[in-house]
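K.L.:
Dropping a prediction and its sequence here:
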Amino acid sequence: MTASPGTGKSHVAKAVAYQATLQGFDVRYVEADTEFARYALGSTAEQAALLRSFVEPDLVVLDDLFLARRISEASAELLQTVVHRRYKLRRSIVVTSNRVVQDWGKYLGDATMATTILDRLMHRAAMLEFEGKSYRLKEAASRIAMNAAESP
């Protein structure tokens, strides 16, 4: 799922994860950049455990991938490994991002790696692109308008 901030990507991803959980599937939801940074800083044992936690569940949700634009080389390699292993095992991944897939090579620092990742992600996938304005900005504008109307 890709789109501008505030258009509902994370909300939909969480709803999918919740429904999968209700149906008895093992689900892991993570804020991608945070967990990938944790992986990059971890010991070898911690990295192995984190990799397992990304590969083993029936569904993994990687929310807000590339929120910070570039990710470290170790994080990029983790993403490639997770996508590759889950693809081979035919396990589901939901990825949300504010970044268009055409730019993923820049954020990974490697166009070939981006192509490899996208090849596997897109092969048996549905790509959702959300349009519209940020609901957060709409809510903020409504609050400001209400406060202005209430003020003497």
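P.N.:
That came in fine, so what should we check first?
K.L.:
And the strands in this protein?
P.N.:
27-31, 59-63, 92-95 (DSSP state E).
K.L.:
Just give the strands next to the second one in its sheet, each with its orientation.
P.N.:
Just to be clear, that refers to strand 59-63. If you go by DSSP bridges, strand 59-63 pairs up with strand 27-31 (parallel), strand 92-95 (parallel).
K.L.:
Please state the offset of the shortest one from the chain centre?
P.N.:
Its chain's average C-alpha position is 8 Å from that of strand 92-95, according to CA atoms, centre = their mean, to the nearest Å.
K.L.:
want to throw the strands of the chain into CSV with mean neighbour count, distance to Leu128 and mean pLDDT?
P.N.:
In this view, the C-beta of every residue, glycine as well, is placed from N, C-alpha and C. Compiled in CSV, the strands of the chain are given as follows (neighbours: other CB atoms under 10 Å; distance: least, CB to CB, whole Å; pLDDT from 0 to 100):
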stretch, mean neighbour count, distance to Leu128, mean pLDDT
strand 27-31, 17, 17, 96
strand 59-63, 22, 13, 97
strand 92-95, 20, 10, 96
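K.L.:
The protein: helices as residue ranges?
P.N.:
9-22, 32-41, 44-55, 73-89, 104-108, 111-123, 135-150 (DSSP state H).
K.L.:
Out of these, which gets nearest to Glu129?
P.N.:
Nearest to Glu129 among the helices of the chain is helix 9-22; the distance by CB to CB comes to 9.6 Å.
K.L.:
Give the other helices and strands that that closest one contacts.
P.N.:
Judged by 3 or more CB pairs under 8 Å, 6 or more residues apart in numbering; DSSP states H and E, helix 9-22 is in contact with strand 27-31, strand 59-63, strand 92-95.
K.L.:
what does the second one contact?
P.N.:
Right, strand 59-63. Here strand 59-63 makes contact (CB atoms under 8 Å, 6 or more residues apart in numbering) with 9-10, 13-14, 16-17, 20, 25-32, 54, 79, 82, 86, 91-96.
K.L.:
Just the C-alphas of it, formatted as PDB.
P.N.:
Backbone C-alpha positions of strand 59-63 (Å, rounded to 0.1, in the frame of the first residue of the first chain) are rendered in PDB as follows:
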ATOM      1  CA  LEU A  59       1.500 -12.700   8.100                       C
ATOM      2  CA  VAL A  60       4.000  -9.900   8.700                       C
ATOM      3  CA  VAL A  61       3.000  -6.200   8.400                       C
ATOM      4  CA  LEU A  62       5.800  -3.800   7.700                       C
ATOM      5  CA  ASP A  63       4.300  -0.500   8.400                       C
END
